[in-house]
Structure formats: structure tokens, C-alpha cells
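Participant: No sequence on hand, only this structure:
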């Protein structure tokens, strides 16, 4: 059990590491004054990119919650202000990535901006006040001199925000609207539902006194606080850089330009632009004010020329637009997309110059639909994790670099926005599988069913092309089944057959599983996929299929039972049933290595392990398993178990690392995420000094944030894990090369007068292994060949036959305490004295590799530490 204790120790030390998926599309991208740097809010951090190299330069880390605002100081060009939901407003010197100072508002900050037009910038934040009977979202402001001192420190305002002045109250609930300032800082503008709110800062005595006398503004004064009613819900707002003009976008796609505001409602002059079919997500004037940028669900960037009312388009950006901004001089337009991608568009010709972003977000127009359908699948060819991306695409995430290596268009259709309020059902990729070992082949399943037209279902086979370093479509089956496909699985170790080289199994709700094989030779033009056989069991729907570690067994999940098949003969072997007949199996995996004879299955409330040698239940525990994944490179199985802990019913997910041979978990990670798990996969560890580190478990939460258990330094470097035989051979080869050059340091140097006598002893005791020792001995450690020749030739002659002497063997111990074994009347000590000394030239192999061998574990009764929901 030494290995179990080691794993348990590692499980306690390892933590949960965020590997990607931070939202980059929620805040506007900000630019430095010289136009050389981009500042992107990504989760809790601020990422600084270079326009010249298009690479990430540094990451600013301080906040403990999501960053909600970024602004470059108008008076200190090398300073950057940031706000966060942790209540902190921080100021940075981004030239060296140093935190200068921060202030704690004592409440979450939803929005953030700096006011222009004064000697000192004023910090304005949208906060939620909780010191009153009903929580309210209000815009508060305070001077920034508390932040601009060049020493690290903190100033706490407290929960009551006593030192901040309240300007606009936006109501309760989710009214977390944007707010902007006019170019001269005279008006503060925001919106709530169908109202546009304006606050005249110049008429506020407390504001003009530069906060020398802090007091709440009198909202009853009509000239200070102005409210305009509009016909449709406002969704965005921006301000002109050089004129008293603001622009607002609404839910039906209209854009209103406001002039002569600040007076009565009848005196306001507005201009209406309308092209968007859906809500205007964001607006931004160019730095010279001649153009207005707008974007929305149509994934089209629209440039409005204000003087001529002409419009220009940059279409097919890939997904809906969430934020737009301009660099100084309007050289670049930065567009944030719903897929968590930032496109940098040229201001000269509207071409996409480059793309920034990490892990892509899988989304669908229907918010209730699940975008991440494929889960996480390991690609051995590229050493990446494959998963859903934008609709119709899959992405390959590299764990070693922490970024997306490439995207593949599987469906071959452009993104189309919905024609009306009803969401448009799109064709999505639902399953991915890769051929074992080299990952040369990839199969995908795409589907679309809107309930009105004929359902679409296609099985595609892709072959990796070395020239393009990507997968190329080779075959398409339309449709492979009559109902939706539930799983794809390649045979782990394809059998050597002249008929086919690869085997693939697909299952469907139509009750059938189909075995597909690759026919033909190694050339691309000679290969073809064909359906070899079809299987079914009592017309029950197939929920999934899994191959055993050696590929000799196929387990097909039929809900209330699991059938075991011979995949070559398509013959059923046996049927496994759960303890409770009404339960349906959701997940089925085979054990690996020493537990390859075990089958692990999970229902909604129980976890079963079968011993396939006896077809009996090895052990069973009560657990609500959300997902089950086996480590193909090790012995562990990861079970994601849900527990309802919060008052609102949110499920907390715990990870149990188990061995199928023992019911006691080897390691437990508590509360790794909330709500569920979209996918999980084991990635092989890196090779270090010829020894492979243990695999790393990756999983994704419902927000599509990717995590891993343990240290990211253990991630793969592109080298596959060798087998035990390859591992032993590698150690022997390395040590033998050292011994051949320098000799065996463990051997004692032989005196010259005993050299020939010991040589005769070696040769006279030669057997099969001793021949090998002599041949592999270092040349400088052997005596002259003339002294070895005669003794070596004599050793090859057969020994003369002798009559065996009487042997008396007595088991146990004799009465005097000595071992009762007498051979030929001679003692063992005398025999050892006459035995010639042997010199062993074979290097010893370290016993550390015992952790990689098969081991047997005693099954113990163990009660898992959780209560099922």
C-alpha cells in the first residue's frame, strides 16, 4: 500500500489550478496613450499585450475577484486604474507591472470610470449599497488623490461608503448599467430600462468643491438630475470625444444620437440610425469623432460616418459582438466576441490583423441549450485537449502552452444570427474520438434538429495531414443511425488483421451499435471506412460504449444493464445488472493496468465495480456521480461526486480518485467547482530523466473554465509514456553505456596476483548468464585473452557424470535450532568456502519502478464521506 499512501499525500498537497477560460469579452479593451499596448480584463487579472509582437507581455495580479473596469489615467500616462468585484480600486505603473496603491470600497464594484476635465481625475464606481433595507445600485465618486501616492498601501472606506458621494441611483436587482461622461466632464450619463439618466456635475456644489465638503447630492433639484423617457429598453451608451453628444443603442437595434441635452425633454434633438436586427451590444466613437462603431448579435462591425450617414461593414467575425473600442489615432479597432475572442481590425481597410484570446467559449443562441457537448477528449497526435468551440468548430487546447493551438471547422457553415426573437437551431459537433497511439484518425458527429425540418446527423472521418498539420475530411456517413448518436469509441489496441487496421464503435438511441473498420492499405487513396457489423439487445436504446484496455471486450450500456461483447465476432458474452433494477447506468469505464479486469459503472445514486473474471460485484458504494473518467496512462479512476450543500440547492462537486480494486478513495479533492462538470480527461505526464510523471486530470465547470488537479509543471512535453519493458530497457541501456566506458564502480578492484585465479573461477562456473556477463564486461577489467582462452574452451566441454550422493532433507528446524537440511553430509559453510567467487558485471535496476508494476489490493469495507442528494 506504499503507492496508495504516496498518492494520498500528493492528493492532499495538490490544488485546483485555473488553466484557462477567463472571460475576456465583458469589458472594453483599453489602449495606452502611445498606442503600443492593449489592456484586457481576464477574470481576476489584467493582461497586457503588445501591438508590435501581438504577444502577452505581462499579467497584472492583485484582485481576488473578477475585474470590472480598466481606465488609463488622463494625467499620468503610465498609470492604469482597475476595479474589481472584491471592492478594490487599484492603480498600477504598467511600464514595470508594479502596483502603486489600492483602496477598498467595502462593496462589490460593478462598473468603473474616471471623470475627465479636472486637474485630478475622480473615481466613479457603480456599487451595491447594502446598509439600507433594500439593496440599491448607486454610482458614487471620490477623489483619486487617495490612490496616486507612489507607495503601496490601502485606504478602507467601510461598508457604508461614508467618504464617497452618491450621484445616481439605478435601482435594485440587475440594473448594473454602463455610465459615461461627456467630453468636458459636465454630465454623468447612464440608463435604466427605458430611461436615460443625466446628472449635471457642474451644478453640484460638493463636486465643484473638490470633495472638501462631502455631501449627498440633492436629486430633487430638476436642473441637476434629468431623466428622459424612451420607447424601448436602452442597452448601451457612449459619449462623443469633442462635442456635447451622446449615443444610445436599444433592444430593437436602433441607435439614437442626442444633442442639446441637459434641458427640457422637448428641447432635445435626436438622430436615429437603424441597421441592426437585434439589440445593440456596444457603441464607441472614434478618437476624432467622425465615425461611430456599433456591434451586436449579427457578428458584424458597423462603421457609421456621421457627416454623410453612410455605413461600412466588417462582416463574419465569427460570433456575436459584446464590446468595441478604438486605439489612439484610430489605427485599430478592437472587437470582443461572445466566443471569448478579441479581433483586432485595421482602421484602414477593415481587415482582421490578428486575434487575441485564450480558451474559446462554446455557446448556442438558445441560452438553455448546452454548448459544450463533446466534453474533453485527449488528442495524442497534437498532445492537446479537443472540445467544442463556436458553433460548428472544435478547438485544440495545449496544456503545456496554456493556449489554443488551432481551430477546425467541422460543419463548414458561417455563423447566422436569428431572424426573429426565437433562437436559431444550429448544427453542432456532439462527439469526438481519436485513434489510439498516433491520433492519425479523428471521427466527429454533428447534428441538428429544430423539430420542424428533417433532422441532420452526420458521422465524419478525418485524417491528419502532415503537410497542413491539420485534419482533412476523408469520409462522411449521412446518416450513420436513425436516432441521435450517444457515443464514439476507438478500439485501444487494434488487432493485427489483414482485413482492417482500425475499429470504431458508434452507439445510438435507436438501440443499435455499429462497428466501423478501416479497410485498405497505408496510402491515403487506398483506405476506406465500412460498417462491419451491427448489434442490438432487446431493442433497448444504447447509452454508450467502452472498450477494455486491451481491446478484447466491448461494454455497451443499455440503461438498466450492461452487455459485454466480443468486438471481432460481434458475439455477446454476458450481461451485468445493478443491485436496484430501476436505476439506469449513466457512465461506464474499464479499469487500466492492474485493474483491467474490473468494470466501473455509475447510476444516479450508486457506484458499482465488477470483477469480470467472476462477473460479480466487487464493491458498491452510494454516490451521486456526475462524471466518471479512467486514466488510460495509470491505474486511477476519477469520480466527480455531487453534494447539495448550499441553501439555494447549488451542487458542490468533489473529486474522488479511486482504484477499482479498493473501495477506499486514494485521494479526495473537496468542492472543486459548483453546479456540475461539463467534461474531464486525463493527460499524460511529461518524461523526466526517462521516467514519466503521473497523469494530470483536467475538468471544466459550467462556466467553461478549465481546471486541473495538481502542478502544471507535470503537463506533457510531447513524449508518450513507455511501457514497463521499454522503461526497463531504457534504464539498462543507459547504465550499460556508462559501465562500458568507465567500468562498474560497485566492483572491487582485483589484485594482480589473484587476477588469473579468479578468471579461472569465473570461466569454470560459466553458464548461460555467465557467458553474457563475460561478453559485456568492460575491456579494461578483463585479463589478457591468452589467459582466458584455455579456461573458456574447457568450460564448453560437458562435465563428467557423477553418481548423486544420498540426500536427507528435513523440513523445519532441528532440535538444536539449526536448519534441518543435510546434503551429502557436508555443511553449508564448507560448501560456501569451496564455492568460487563470482564477479557480477550485470548492472542492477533501481527498485523504484515497482510503482509501475501490477499489484493486488485487498478489498476493504469503506464508507464514503458524503450524503447523496
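Facilitator: Sure thing, it's come through. Model, not experiment: these values are computed from the prediction. Numbers count the residues shown, from 1 in each chain.
Participant: okay, and for the stretch 501-650 of the chain, where does confidence drop off?
Facilitator: 521-525, 580-581, 645-648 (pLDDT under 70).
Participant: Strands along that one, start to end?
Facilitator: 503-508, 512-519, 528-536, 544-547, 554-557, 561-566, 571-577, 587-590, 598-602, 606-611, 616-622, 625-630, 637-644 (DSSP state E, counting those that start in this stretch).
Participant: Out of these, which is closest to residue 255?
Facilitator: Minimum separation from residue 255 across these (C-beta to C-beta) falls at strand 625-630, 44.9 Å. All C-beta atoms are positioned from the backbone trio N, CA, C, and that covers glycine.
Participant: Just say which of the strands of the stretch 501-650 of the chain is most tucked in.
Facilitator: strand 554-557 (a mean of 26; mean count of other C-beta atoms under 10 Å).
Participant: re earlier: TSV please, covering the strands of the stretch 501-650 of the chain and showing distance to residue 230.
Facilitator: Below are the strands of the stretch 501-650 of the chain laid out as TSV (distance: least, C-beta to C-beta, whole Å):
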stretch	distance to residue 230
strand 503-508	52
strand 512-519	58
strand 528-536	59
strand 544-547	53
strand 554-557	56
strand 561-566	61
strand 571-577	64
strand 587-590	52
strand 598-602	54
strand 606-611	57
strand 616-622	57
strand 625-630	46
strand 637-644	44
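Participant: And the ones you listed: which comes nearest residue 99?
Facilitator: strand 637-644 (36.9 Å).
Participant: Where is the longest strand in this protein?
Facilitator: strand 662-674 (DSSP state E).
Participant: which one of the strands of the stretch 501-650 of the chain lies closest to residue 73?
Facilitator: Using C-beta to C-beta, these put strand 637-644 closest to residue 73, at 45.5 Å.
Participant: Partner strands of the closest one and their direction?
Facilitator: strand 625-630 (antiparallel), strand 651-659 (antiparallel) (DSSP bridges).
Participant: helices and strands around the strand or helix carrying residue 110, which ones?
Facilitator: Assigned by DSSP states H and E, residue 110 falls within strand 109-115. Applying 3 or more C-beta pairs under 8 Å, 6 or more residues apart in numbering; DSSP states H and E, we find strand 109-115 packed against strand 67-72, strand 79-84, strand 88-93, strand 122-129, strand 136-143, strand 179-181.
Participant: ok, and for stretch 480-490, which residues are buried?
Facilitator: Neighbour counts using 16 or more other C-beta atoms under 10 Å place 480, 481, 484, 485, 486, 487, 488, 489, 490 of stretch 480-490 among the buried residues.
Participant: now the end-to-end length of it.
Facilitator: Length of stretch 480-490, first residue to last, C-alpha to C-alpha, to the nearest Å: 16 Å.
Participant: Please apply the same query to stretch 566-579.
Facilitator: So stretch 566-579: terminal residues 25 Å apart, C-alpha to C-alpha.
Participant: Show residues contacting that stretch.
Facilitator: Stretch 566-579 is contacted from outside by 491, 495, 503, 505, 515, 532-533, 535, 537, 547, 551-554, 560-565, 585, 599, 601, 603, 606, 608, 610, 615, 617, 620, using C-beta atoms under 8 Å, 6 or more residues apart in numbering.
Participant: ok, now which ones touch the residue nearest to residue 548 when sequence neighbours are not counted?
Facilitator: Leaving aside its sequence neighbours, residue 548 sits nearest to residue 590 (C-beta to C-beta, 6 or more residues apart in numbering; 4.7 Å). If a contact means C-beta under 8 Å, 6+ apart, then residue 590 has 546, 547, 548, 549, 553, 555, 596, 598, 599, 600, 630 as its contacts.
Participant: mind running it again at 10 Å?
Facilitator: By C-beta atoms under 10 Å, 6 or more residues apart in numbering, the contact set of residue 590 is 492, 546-550, 553-555, 596-600, 612, 630, 632, 637, 660.
Participant: That one and residue 96: what is the separation?
Facilitator: 53 Å (C-beta to C-beta, to the nearest Å).
Participant: likewise residue 642?
Facilitator: Here residue 642 is placed at a distance of 45 Å from residue 96 (C-beta to C-beta).
Participant: for this structure, what spans make up the helices?
Facilitator: With helices called from DSSP state H, the chain shows them at 2-13, 205-208, 724-742, 755-764, 768-775, 785-795, 828-834.
Participant: and these, which one is worst for confidence?
Facilitator: Of all these, the minimum mean pLDDT falls on helix 2-13 (a mean of 34).
Participant: pLDDT below threshold where in the stretch 1-150 of the chain?
Facilitator: Across the stretch 1-150 of the chain (using pLDDT under 70), the flagged ranges come out as 1-14, 117-122, 129-136, 142-150.
Participant: could you redo the last one with a cut-off of 50?
Facilitator: 1-14, 148-150 (pLDDT under 50).
Participant: Residue 609: what's its closest spatial neighbour, skipping adjacent residues?
Facilitator: residue 618 is the one closest to residue 609 (C-beta to C-beta, 6+ apart), at 4.5 Å.
Participant: Was I right to think that neighbour contacts residue 611?
Facilitator: Yes: counting by C-beta atoms under 10 Å, residue 618 touches residue 611, with 4.6 Å between them.
Participant: between those two, what contacts are shared?
Facilitator: 595, 597, 598, 599, 660, 661, 859.
Participant: of all these, which two lie farthest apart?
Facilitator: Spanning the widest gap among the shared contacts of residue 618 and residue 611 are 599 and 859, at 15.1 Å by C-beta to C-beta.
Participant: one step back: figure out how far the strand holding residue 110 is from the centre of its chain.
Facilitator: 32 Å (C-alpha atoms, centre = their mean, to the nearest Å).
Participant: could you give the angle of it to strand 122-129?
Facilitator: Between the axes of strand 109-115 and strand 122-129, defined by axes from the mean of the first three to the mean of the last three C-alpha atoms, to 10 degrees, the angle is 160 degrees.
Participant: Tell me, how many residues neighbour residue 18?
Facilitator: 14 (other C-beta atoms under 10 Å).
Participant: Quick one: residues contacting it.
Facilitator: Contacts of residue 18 (C-beta under 10 Å, 6+ apart): 43, 44, 45, 705, 706, 707, 708, 712.
Participant: hmm, 8 Å instead?
Facilitator: Taking C-beta under 8 Å, 6+ apart as the test, what residue 18 contacts is 43, 705, 706, 707.
Participant: Now tabulate these in a markdown table and tack on distance to residue 394 and neighbour count.
Facilitator: Output for those, formatted as a markdown table (distance: C-beta to C-beta, whole Å; neighbours: other C-beta atoms under 10 Å):
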| residue | distance to residue 394 | neighbour count |
| --- | --- | --- |
| 43 | 23 | 19 |
| 705 | 18 | 19 |
| 706 | 15 | 24 |
| 707 | 20 | 20 |
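Participant: Out of the residues you listed, flag the one nearest to residue 112.
Facilitator: residue 43 (16.1 Å).
Participant: Verify the contact between the closest one and residue 22 for me.
Facilitator: Yes: Residue 43 lies in contact with residue 22 (C-beta atoms under 8 Å); the separation is 3.1 Å.
Participant: which neighbours do those two share?
Facilitator: By C-beta under 8 Å, 6+ apart, no residue touches both residue 43 and residue 22.
Participant: Tell me which two in the buried residues of stretch 480-490 are the farthest apart.
Facilitator: 484 and 490 (20.0 Å).
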